[in-house]
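1. Predicted coordinates and the sequence they were generated for:
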Amino acid sequence: MKGNEAIAEAALRAGCRFFAGYPITPQNEIPEYMSKKIHEVGGTFVQGESEIASVNMIYGAAATGTRAMTSSSSPGISLKAEGISYLAAAKLPSVIVSVMRGGPGLGSIQPAQQDYLQATKAMGNGGFKLIVLAPATIQESVDLTYKAFELADRDRNPVVVLTDGVTGSMMEPVVLPSMIQVDKADKKWAVSGAMGRDKNFIAGTAGIHPEQQEEDNIKSKELYERWQREDVRVEEFMTGDADIVIAAYGITARIAKSAIKQLREQGIKIGLIRPITVSPFPYENFKNLDPNKVKKVIVVEMSIPSQMIDDVRLGLEGNIPTETFGRSGGVVISDDEIVDYVKRSLDKGGDK
Amino acid sequence: MEKIYSRTSTVLPKSSGFCPGCLHGTAHSILGKVIEEEGLREETIGILPIGCSTLGAFYWDLDVVGSAHGRAPAVATGVKRCNPNNTVFTYQGDGDLASIGLSEIIHAANRGENFTSIFVNNNIYGMTGGQAAPTTLIGQKSTTTPFGRSVEKDGYPMDMCNIISQLKAPVYVARFSLDTPKNIIAAKKGIQKAIRLQNSGKGFTFIEIMSNCPTNWGMSAVQSIKWMQENSLKEYPLGIFVDKYKEEF
């Protein structure tokens, strides 16, 4: 299946029964697929009049306990920021697919990873965090989208699937998970008309008193700390004997793997740490690298400047020098240029 | 002795935080009465965006969804499409609906979403302290039109009933007022009709309710009613703009 369509199909199988979206390249296949298919499983597709309306439609759908999703790309995600912040404040489980473009403003429409900081640090106002899942293959796009709905319901918090134009456009065979039917009635907090019970109130704020808001912020902090302990997903590839480690996520990690295989054939001991959850970030994997063995960590990313570098450095705690190498603006990085960069880098040492 | 009138059971029995003389309480009361009389207390979901309307979250004894500023019609779209058997209303002020939420209300109306929007128009932003709204009258002073609204700088007041009635989908569009008991009874009847149309699956219904803001207009309650009658009701004449099911309901 095509990457974006696979995400849409995985969402349907995860019980997603409401989708609202707005046209923007390179994510159009997701709303298009939903418009064709979601009615077959009893769901609803609405093309919103704007990104803002679309995200607020899933806010309404999620308030009824319905599994709901929206998708967009860079400037569209910026427009959704208001609604995503409200989703987090109102504790409404939902899934947001971000298919990244190549720069600020309109950006370029070609594949890039220019929205890492937006996704992992500030999807909107208020200092909330989300679990951000970054697939590197179509199968992983399926599996992580499926998982995203489960995590969203578990935490009553939105979850982001962070992908790019390559992963969204390429085709690969996939194994699809089974169809789930979610019973809205299980969500006792949802609105349904207060039949035989006290009213339910879904609020876009924790309360009007400072103490209520602070208490809620503390609870959120505890949730984020639990993610850091329990929900980190990461792949290590050939790091066991490595004296150089590449840090990369998503499509770039996949290209980097191919570069690593070539470099290994040339006798260079190099490995990869690939965050699958870029939030919560696998700080421990970087912390655990042996400074006596690993000479440097190179962050390879389809973003200039590198955006993941800050997280990598936090993990390394200053023990190992870092470098960054990337292409951006929609120029897809090649395995050959990663190989070249690593070889040049070996000649010149590293900077801390 | 027979009790012929009591407070509505859909609004919690506590004192409200609305300013003295504000007609929001009356608007809540008549909407609440309709919900009660139609037997919809356990089937209704209210969508409350930002403004004085937000305070309703504390008063309605109904399932309530608080929404972002102006976005109630989009949120209501999500709620109603997922729960078509619930009665769904948005309760929005004029800054919320006619300014920041203009796109959401127009498109929800144009899709013919099967819910009811209650639009309480008092020509000003109340919650934030009396700033100008798209509905502010020409010459009307506010904290952001200290010399009075001017056509040159601010344009003309926006007539939402007129705008929404240009669309093909809405089935009932009407403007009422809370300035007299007679008009309050008429407004209640209009709300009842809108809710009945919704519950018959007919489509989008829009009820504008002319209201006051004694605090930010800088008037007593009595003065504010007089000002409505002499000013805002002249700019916004009462009436039925669209009524596609005149006979049946």
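-> Cool, the structure landed.
2. Can you tell me which residues in chain B are near chain A?
-> Residues of chain B lying near chain A by Cβ under 8 Å from any Cβ of the partner chain: B:40-45, B:47, B:57, B:60-68, B:71, B:74-83, B:86-87, B:103-104, B:106-107, B:111. (Each C-beta comes from the backbone N, C-alpha and C, glycine too.)
3. Among those, name the buried ones.
-> By neighbour count, with 16 or more other Cβ atoms under 10 Å in any protein chain shown, the residues of chain B next to chain A hold B:40-45, B:47, B:57, B:60-68, B:71, B:74-83, B:86-87, B:103-104, B:106-107, B:111 as buried.
4. Among those, which lie within strands?
-> B:T44, B:I45, B:I47, B:D63, B:V64, B:V65, B:G66, B:T87 (DSSP state E).
5. which residues touch residue 95?
-> Looking at chain A here, since you left the chain open. Neighbouring residues of A:V95 by Cβ atoms under 8 Å, 6 or more residues apart in numbering or on different chains: A:11, A:16, A:67-70, A:145, A:148-149, A:152, A:158-161.
6. The chain in question should be chain B.
-> B:G51, B:I124, B:Y125, B:T128, B:Q131, B:A133, B:P134.
7. In JSON lines, list those residues along with distance to A:E301, secondary structure and neighbour count.
-> Listed next are the contacts of B:G95 as JSON lines, based on distance: Cβ to Cβ, whole Å; DSSP: H, G, I helix; E, B strand; the rest coil; neighbours: other Cβ atoms under 10 Å in any protein chain shown:
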{"residue": "B:G51", "distance to A:E301": "43", "secondary structure": "coil", "neighbour count": "24"}
{"residue": "B:I124", "distance to A:E301": "50", "secondary structure": "strand", "neighbour count": "29"}
{"residue": "B:Y125", "distance to A:E301": "45", "secondary structure": "strand", "neighbour count": "24"}
{"residue": "B:T128", "distance to A:E301": "43", "secondary structure": "coil", "neighbour count": "14"}
{"residue": "B:Q131", "distance to A:E301": "45", "secondary structure": "strand", "neighbour count": "16"}
{"residue": "B:A133", "distance to A:E301": "46", "secondary structure": "coil", "neighbour count": "27"}
{"residue": "B:P134", "distance to A:E301": "45", "secondary structure": "coil", "neighbour count": "19"}
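8. what's the farthest-apart pair in the residues you listed?
-> Maximum pairwise distance among these (Cβ to Cβ): 14.7 Å, between B:T128 and B:P134.
9. Could you check what's spatially nearest to the residue in the stretch 51-200 of chain A that chain B sits nearest to, not counting adjacent residues?
-> Proximity of the stretch 51-200 of chain A to chain B (Cβ to the nearest Cβ) peaks at A:G60, 2.5 Å away. Among residues not flanking A:G60 along the chain, B:G78 sits closest, at 2.5 Å (Cβ to Cβ, 6 or more residues apart in numbering or on different chains).
10. Might one say that that neighbour is in contact with A:V55?
-> No - look at B:G78 against A:V55 with Cβ atoms under 8 Å: they stay out of range, at 9.7 Å.
11. overlap in contacts of those two?
-> With Cβ under 8 Å, 6+ apart as the test, B:G78 and A:V55 both reach A:A20.
12. List the contacts of the residue in chain B that chain A sits nearest to.
-> Residue nearest to chain A within chain B: B:G78 (2.5 Å; Cβ to the nearest Cβ). Counting by Cβ under 8 Å, 6+ apart, B:G78 makes contact with A:18, A:20, A:46, A:56-64, A:68.
13. Cross those residues against strands and list the overlap.
-> Using DSSP E, the contacts of B:G78 in strands are A:F18, A:A20, A:V46, A:A68.
14. I'd like to know how far A:V174 sits from A:Q139.
-> 5 Å (Cβ to Cβ, to the nearest Å).
15. How about B:G112, nearest residue that isn't a chain neighbour?
-> Once flanking residues are discounted, B:G112 sits nearest to B:A169: 3.4 Å by Cβ to Cβ, 6+ apart.
16. contacts for the helix or strand harbouring A:Y33?
-> Using DSSP states H and E, A:Y33 sits in helix A:29-37. Residues outside helix A:29-37 that contact it (Cβ under 8 Å, 6+ apart): A:2, A:4-5, A:7-9, A:11-12, A:19, A:21-23, A:45, A:47, A:71, A:97, A:99, A:168.
17. In helices, which of these appear?
-> Among these, the members found in helices (DSSP state H) are A:N4, A:E5, A:I7, A:A8, A:E9, A:A11, A:L12, A:G168.
18. buried stuff in the lowest-mean-pLDDT helix or strand in chain B?
-> The weakest-scoring helix or strand in chain B, judged by mean pLDDT, DSSP states H and E, is helix B:56-59 (a mean of 92). Neighbour counts over helix B:56-59 (16+ other Cβ under 10 Å) mark B:G56, B:A57, B:Y59 as buried.
19. for that helix, packing partners?
-> For helix B:56-59, the packing partners by 3 or more Cβ pairs under 8 Å, 6 or more residues apart in numbering or on different chains; DSSP states H and E come out as strand B:44-48, strand B:63-66.
20. got the contact list for the most centrally placed residue in chain B?
-> The centroid of chain B falls nearest to B:F119 when counting by Cα atoms, centre = their mean (2.3 Å). By Cβ under 8 Å, 6+ apart, the contact list for B:F119 reads B:Q92, B:G93, B:D94, B:L97, B:A98, B:I105, B:M160, B:F206, B:I207, B:E208, B:I209.
21. Could you say which of these is surrounded by the most neighbours?
-> Counting neighbours by other Cβ atoms under 10 Å in any protein chain shown, B:L97 comes out on top of these with 33 neighbours.
22. hang on, that residue packs against B:M158?
-> No - using Cβ under 8 Å, B:L97 makes no contact with B:M158, being 9.9 Å away.
23. Run a quick neighbour tally on residue 136.
-> The chain I'm using is chain A. Neighbour count for A:A136, taken as other Cβ under 10 Å: 24.
24. That was the other one, I meant chain B.
-> B:T136: 27 surrounding residues under other Cβ under 10 Å.
25. pLDDT value on it, please?
-> Note for B:T136: predicted pLDDT of 98.
26. list the contacts for it?
-> B:T136 makes contacts with B:N123, B:I124, B:S142, B:T145, B:R149, B:D154, B:P157, as judged by Cβ under 8 Å, 6+ apart.
27. what about the longest helix in chain B?
-> Looking across chain B with DSSP H, the single longest helix is helix B:181-199.
28. ditto for chain A
-> As assigned by DSSP H, the longest helix anywhere in chain A is helix A:210-230.
29. Take it, keep the C-alpha atoms, and write them as CSV.
-> Below are the C-alpha coordinates for helix A:210-230, written out as CSV (Å, rounded to 0.1, in the frame of the first residue of the first chain):
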residue,chain,number,x,y,z
PRO,A,210,-5.0,29.0,39.5
GLU,A,211,-4.8,26.1,41.9
GLN,A,212,-6.9,23.9,39.6
GLN,A,213,-4.7,24.7,36.6
GLU,A,214,-1.6,24.0,38.5
GLU,A,215,-2.9,20.7,39.9
ASP,A,216,-3.7,19.7,36.3
ASN,A,217,-0.3,20.8,35.0
ILE,A,218,1.3,18.6,37.7
LYS,A,219,-0.8,15.6,36.7
SER,A,220,0.3,16.2,33.1
LYS,A,221,3.9,16.3,34.2
GLU,A,222,3.5,13.0,36.0
LEU,A,223,2.0,11.5,32.8
TYR,A,224,5.0,12.7,30.7
GLU,A,225,7.4,11.2,33.3
ARG,A,226,5.6,7.9,33.1
TRP,A,227,6.0,7.9,29.3
GLN,A,228,9.7,8.5,29.7
ARG,A,229,9.8,5.4,32.0
GLU,A,230,7.4,3.1,30.1
